[in-house]
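>>> Provided below for reference: sequence and predicted model.
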Amino acid sequence: MTALVTGSAGGIGSAIVRKLVAEGFHVRELDLTSGFDVSDPSAWEHVGSVDLACLNAGVITGDDGRLTDLTDDRYRRALGVNVDGVVFGVRRLDRVMPRGSTIVYRMPSVWERYRGLFIGSATVVLVEIPELQVLFSLG
């Protein structure tokens, strides 16, 4: 079986990769450190079908996590990774994964700190969920 993990080079992402490998999955690792930007919709066009997708990539908004210190560039980057990256990923995976497949989403750190920061965006629909939970089941 094949899995995909975004944000695979970070702490939680690398732990997800290790767990999936231990469970017998072949893992496709997608991370900015290896040239994959989840916030770039064209990057997703090269992603194919997998049995399990873990959309784990996420960034915090500032060095100290203070919303008041957030620059416009950091805000746009956080929005791009934490919201657009999920939307672009789900949109692509819906086209290439078979019905009944599973997409898992981990809440980014910014959501954990500022629950409700992205009012009016896709994130507000997610409410609070545990670290890993099935969010989308294609079917």
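Right, received. Where do you want to start?
>>> and Val27, how many neighbours does it have?
21 (other C-beta atoms under 10 Å). Backbone N, C-alpha and C define where each C-beta goes, glycine included.
>>> what's next to the helix or strand where it lies, contact-wise?
Of the helices and strands defined by DSSP states H and E, Val27 is found in strand 26-30. For strand 26-30, the external contacting residues (C-beta atoms under 8 Å, 6 or more residues apart in numbering) are 1-9, 13, 17, 20-21, 36, 38, 47, 50, 57.
>>> may I see the ChimeraX selection of the buried members of these?
Listed next is the ChimeraX selection for buried residues among these, using 16 or more other C-beta atoms under 10 Å:
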select :3,4,5,6,7,8,13,17,20,36,38,47,50,57
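>>> quick one: buried residues of the following helix or strand past the strand holding Val27?
On the C-terminal side of strand 26-30, the closest following helix or strand by DSSP H and E is helix 41-44. By neighbour count on 16+ other C-beta under 10 Å, the buried set for helix 41-44 is 43-44.
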